[in-house]
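>>> Structure for this input, please:
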Amino acid sequence: MKREKKLQNYTLKILNQLTHYAEQEDTADIALVVTEILHANHIFLAGAGRSGLAVRGFGNRLLHLGFSVSIVGEISSPHSQPGDLLIICSGSGETTSLKALAQKAAAAKVKIILFSTTKESTIAKLANHTLIIPGKTKTAQDKTTGFTQPMGSVFEQLSFLTFDGIVMNLMDQTGETSVSMFQRHADFE
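I've put the predicted structure just below:
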C-alpha cells in the first residue's frame, strides 16, 4: 500500500511567493496603465487560457466602473477606432493568436498595453507599453522563492491581483465606490 504524504498549507506558501513578486511591481507602470484606461475611448481585452480568465475578470470590473469595454472575440465587440485601447495579458508575449491581434491593433492605430513577464517578445515590440508581472512563464522553473507552482500559476495569480489593484486605483481616480459600481452589475444572471 502506498503511504500518504503529510499535507501542507500550500495556500500560505503561494501567498508568500506572490507577495515576494508583487513587491517588485513598478508603481510608475501601474500609473501609466491607469492613465491610459482613463483616456481610452473604448477598451478591448484579450488573453488566452488562464491568463485570458484573469483579463476577462478585469474587463468585468472595468465595466462596473463605467468604462466602455469588450472582450475580444465576443459577438457584441464593436469595430476598433484610433483612440481605443487593447489590453493583452500574455506571460510569454508570444501566443500566436494574440500576436496576430496585436499586429492588427497596431495597424489600426489602437494603443496596446501588454501585461507580461518580459519586455523581449513579439507582442511587447508592438505594444505602446508593457507592464511586467514579475514571476515565471509556464515553461520556466522558479528557484527565486524556493517554491515552484505548476506552469504559469504565479503569472496568472499575480495578474489577477494586479488587475484588482488597478481597479482600486481607478476607483480612487474616478470617485467610484462598491455601491456605485454595483448599479452596473449584471441583474440578469
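>>> sec struct for I112, please.
Assigned by DSSP: H, G, I helix; E, B strand; the rest coil, the conformation of I112 is strand.
>>> Any idea which helix or strand in this protein has the lowest mean pLDDT?
helix 10-22 (a mean of 90; mean pLDDT, DSSP states H and E).
>>> And the helices in the chain?
Using DSSP state H, the helices of the chain run over 10-22, 27-39, 49-64, 96-107, 122-126, 153-174, 178-182.
>>> Please name every helix or strand in contact with the last one.
If contacts are counted by 3 or more CB pairs under 8 Å, 6 or more residues apart in numbering; DSSP states H and E, helix 178-182 sits against helix 49-64. Every residue, glycine included, has its C-beta placed from N, CA and C.
>>> how about the helix it packs on as PDB, C-alpha atoms only?
C-alpha atoms of helix 49-64 as PDB (Å, rounded to 0.1, in the frame of the first residue of the first chain):
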ATOM      1  CA  GLY A  49      -6.000  30.200 -21.300                       C
ATOM      2  CA  ARG A  50      -5.800  31.100 -17.600                       C
ATOM      3  CA  SER A  51      -4.400  34.500 -18.500                       C
ATOM      4  CA  GLY A  52      -7.500  35.000 -20.500                       C
ATOM      5  CA  LEU A  53      -9.600  34.300 -17.500                       C
ATOM      6  CA  ALA A  54      -7.700  36.900 -15.400                       C
ATOM      7  CA  VAL A  55      -8.100  39.600 -18.100                       C
ATOM      8  CA  ARG A  56     -11.800  38.800 -18.500                       C
ATOM      9  CA  GLY A  57     -12.300  39.400 -14.800                       C
ATOM     10  CA  PHE A  58     -10.500  42.700 -15.200                       C
ATOM     11  CA  GLY A  59     -12.800  43.600 -18.100                       C
ATOM     12  CA  ASN A  60     -15.800  42.900 -15.900                       C
ATOM     13  CA  ARG A  61     -14.600  45.300 -13.200                       C
ATOM     14  CA  LEU A  62     -13.800  48.000 -15.800                       C
ATOM     15  CA  LEU A  63     -17.400  47.600 -17.000                       C
ATOM     16  CA  HIS A  64     -18.600  48.000 -13.300                       C
END
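>>> Good, we can wrap up now.
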